[in-house]
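**Q** got a structure for you, letters missing:
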DNA sequence: TGTTAGCACTCTTTTCTGATGAGTGCTAAT
DNA sequence: ATTAGCACTCATCAGAAAAGAGTGCTAACA
């Protein structure tokens, strides 16, 4: 059977209507809703075909139809009209340039959640390979050394090391130079044992500090490499009856709390080289088990310098795909501009 | 009317039973549940009295009784038996000493939520008056200066400052000395304008850096002063039908997401000088509006050096007060020991 | 005098029933 | 190919009846 133009129109009407109401859509509704001027009977026949083809489902005999995952997929891929109207201007809400990346991302997640009324998540931008830029040791107390580790992209980590015997300012300076000359510009797997042993030798009695610092560096880079994720609007999940069932809602809320679980979703996506950077996962397409009854839309964004992160929106399968995609796209542009403003 | 011993026993039995089941408790149940050897009729008379006194409520005629807030209050204040059995050993789960405070606190919140099956929150320990301990400026790039600010209690903040003209290593050293001699050991409101202008004068052409650094210091101390809060087990809210109603659940989940809303709860408490440091808020006693149908138990903990934080547990009014209090108390001890271990 | 058995009464909860209505699939007419 | 018509299905709703839990009150009892 072929999916002709009329069938497409009907399918589209079914989906549109279902997105709005969340209720199964009947033939009579469609017959009036569309400009096809067909009677409900004709629609019924067409809907029977569409069901056979797997685009729509009947929850039970004598209920209307609801879109299947396959139906949503077709809709998202080929039928969404991206109207220009009401492109949400998020910029105003982000005007106050945030110094801290963390604050910015939290705010984006929050604004997005308020705007869309779905649950949102955003991963902090990451450079592919994190290289060490600069190390600085300084004394805090007699037997405490502060190690400041700066990674490519101006990410800064601190670490306090305890030492047994006091260290003079002079040796501290020497150690600083030693560490920086050897390690700067290296990524974590470029620091090898040979290098470490050379450094230890040169450090003499302070070799233990060297190892501690190197551990700290490794730790810092590793920490930077696992995704920092911010979420917002978790409570929106309860807004949609099809997700608000305790079992499902609990799993979802948990996923949003244990942010690592969201990692797959945000990480994998960042790597896929889609042209627009926007991905839609419908129901079971989602790589995260607990979201098999939701849809997830993700968008990668760039904050310059190859720093890429991902934004995700989680809602019911009948989420307003048009609006979500539109909003994400506009957000991508706005974040891009934010970076450019920063540049100049 | 007097609350004699028998009435107390009956009240206790009603509460105990209600805590377990969440269902109104009838006279017959009590008559069998207790060792009073009284018939249900007698119990009924007593229960009528207890109701008159305001300790219990009838949801409707011909339902059993449920405890009122006043009833819970009496129970918590005078009737809880703290049995020794099954004191949850959380220590094992916290064995791996965490370097980072953040990780530790997140873990505590999580373990606590898993143990109690309630929602938990924990505020990071804070010293009352945050004093500046040490400042370190260093160059990251030609026109970028990294300012590391260490606050009493070894809290470290970083800040990158952009400067217009390059600064020599020498001037940087001078600035470092200048800043440290003037500012170390001061709290935010001890840094006054006079001091600043003296420093600016001494800094000569680099006076703009001085102001930037001072801003950064102020910002860092302020940031440290507003509570860092970690939460866990939000989804446990859905476990209790009396809270799982969409309206309430949504508000609660939101409160746990917008962690500032929890601030009042955790902050006020930290200041109250209760002997045990454990506080119970029942229903409308809670200072947070959205929790008027819950109970909240908070405990202050100390991590040495006057650094105090607060742990909070949020559950239904029929939460297992005994267990929660026991767990919190044991946690207080364990955190205390953790610090002592750290000390030596 | 305190305790208890008994009973009528109240109110919620559950179950069943029939009615309603939305929606379908099929057939026959256009 | 389209549509009107009709029998049929099934969820949902309203109401009634039944069941059950629990109460308050009274009268009897130790």
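**A** Arrived safely. From a predicted model like this one, the values you see are computed outputs, not experimental measurements. Numbering: from 1, shown residues only, chains lettered A, B, ... in the order given.
**Q** and the next element down the chain from the helix or strand where residue A:8 lies?
**A** Under the criterion DSSP states H and E, the helix or strand holding residue A:8 is helix A:5-21. Proceeding N to C from helix A:5-21, the next assigned helix or strand is helix A:27-33, under DSSP H and E.
**Q** Need the residues that contact that following helix.
**A** A:10, A:13-14, A:16-17, A:38-44, A:47, A:64 (C-beta atoms under 8 Å, 6 or more residues apart in numbering or on different chains). Where you see a C-beta, it was placed from the backbone N, CA and C, and this is true even at glycine.
**Q** Over to the residue nearest to residue A:101 when sequence neighbours are not counted: give its phi and psi.
**A** Spatial nearest neighbour of residue A:101, excluding adjacent residues (C-beta to C-beta, 6 or more residues apart in numbering or on different chains): residue A:124 at 6.4 Å. Main-chain torsions, residue A:124, degrees, to the nearest 10: phi -70, psi 140.
**Q** What is the neighbour count of residue A:124?
**A** 19 (other C-beta atoms under 10 Å in any protein chain shown).
**Q** who touches it in this structure?
**A** By C-beta under 8 Å, 6+ apart, residue A:124 lies in contact with A:101-102, A:105, A:227-230, A:309.
**Q** Quick check: it vs residue A:171, distance?
**A** 37 Å (C-beta to C-beta, to the nearest Å).
**Q** Just the buried ones from the contacts of residue A:124, in PyMOL syntax?
**A** With 16 or more other C-beta atoms under 10 Å in any protein chain shown as the burial test, the buried ones among these are selected in PyMOL as follows:
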select buried, chain A and resi 101+105+227+228+229+230+309
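**Q** Per-residue pLDDT of whichever residue of the stretch 151-300 of chain A sits closest to DNA strand D, please?
**A** Per C-beta to the nearest atom of the strand, residue A:241 is where the stretch 151-300 of chain A lies closest to DNA strand D, at 10.9 Å. At residue A:241, the predicted lDDT confidence score is 86.
**Q** ok, residue A:33 - how many residues close by?
**A** Neighbours of residue A:33 (other C-beta under 10 Å): 15.
**Q** nope, residue A:181 is what I meant
**A** Count around residue A:181 with other C-beta under 10 Å applied: 10.
**Q** What's the mean pLDDT across the helix or strand where it lies?
**A** For residue A:181, the host element (DSSP H and E) is helix A:169-183. Helix A:169-183 carries an average pLDDT of 87.
**Q** Can you name the element that comes right after it?
**A** According to DSSP H and E, the helix or strand after helix A:169-183 is helix A:193-203.
**Q** what comes up buried for the helix or strand just after that next one?
**A** Once the chain leaves helix A:193-203, the next helix or strand it forms, by DSSP H and E, is helix A:207-225. In terms of neighbour count (16+ other C-beta under 10 Å), helix A:207-225 has its buried residues at A:209-210, A:212-214, A:216-217, A:219-221, A:224.
**Q** Do you know the pLDDT at residue A:128?
**A** pLDDT, residue A:128: 67.
**Q** what's the answer for residue A:34, then?
**A** 87.
**Q** thinking again about what came up before, any residue of the helix holding residue A:8 touching DNA strand C?
**A** No: judged by C-beta under 7 Å from any atom of the strand, helix A:5-21 makes no contact with DNA strand C; its nearest approach is 9.0 Å.
**Q** Would you agree residue A:276 is in contact with residue A:329?
**A** Yes: counting by C-beta atoms under 8 Å, residue A:276 touches residue A:329, with 7.3 Å between them.
**Q** Counting neighbours, go ahead and name the busier of the two.
**A** Each of residue A:276 and residue A:329 has its neighbours counted (other C-beta under 10 Å); residue A:329 has more, 16 against 11.
**Q** quick one, phi/psi of that one?
**A** Torsion angles, degrees, to the nearest 10, at residue A:329: phi -60, psi -40.
**Q** Name the nearest residue to the residue of the stretch 201-344 of chain A found nearest DNA strand C, sequence neighbours excluded.
**A** The nearest approach of the stretch 201-344 of chain A to DNA strand C comes at residue A:318, 15.6 Å away (C-beta to the nearest atom of the strand). Of all residues not flanking residue A:318 in the chain, residue A:19 sits nearest, at 4.8 Å (C-beta to C-beta, 6+ apart).
**Q** Please list all residues in contact with the one you found.
**A** A:318-321.
**Q** Just the strands from chain A, written as ranges.
**A** A:56-57, A:66-67, A:119-123, A:132-141, A:144-151, A:155-162, A:229-232, A:278-282, A:294-302, A:308-316 (DSSP state E).
**Q** residues in chain A within reach of DNA strand D, list them.
**A** A:37-39, A:41-42, A:45, A:60-63.
**Q** Tell me, how many residues neighbour the residue of the stretch 151-300 of chain A closest to DNA strand D?
**A** 10.
**Q** Distance-wise, check it relative to residue B:44.
**A** For residue A:241, the distance to residue B:44 - C-beta to C-beta - is 42 Å.
**Q** Equivalent analysis for residue A:229, please.
**A** 56 Å.
**Q** Backbone dihedrals for residue A:22, please?
**A** phi 80, psi 0.
**Q** Spit out the contact partners of residue A:221.
**A** A:130, A:132, A:151, A:187-188.
**Q** Check the spacing between residue A:80 and chain B real quick.
**A** Distance, residue A:80 to chain B, using C-beta to the nearest C-beta, to the nearest Å: 29 Å.
**Q** what's the nearest residue to that residue if we skip its chain neighbours?
**A** residue A:322 (5.3 Å).
**Q** What part of chain A, helix or strand, is modelled with the least confidence?
**A** The helix or strand of chain A with the poorest confidence is helix A:91-94; it has a mean of 48 (mean pLDDT, DSSP states H and E).
**Q** Residue of chain A closest to DNA strand C, please.
**A** For chain A, C-beta to the nearest atom of the strand, closest residue to DNA strand C: residue A:26, 2.7 Å.
**Q** In this model residue A:62 seems to touch that residue, though I could be wrong.
**A** No: assessed by C-beta under 8 Å, residue A:26 is found out of contact with residue A:62, at 9.6 Å.
**Q** quick revisit: quick check: ChimeraX command selecting the buried ones in the contacts of residue A:221.
**A** Restricted to buried positions by 16+ other C-beta under 10 Å, the ChimeraX selection for these reads:
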select /A:130,132,151,188
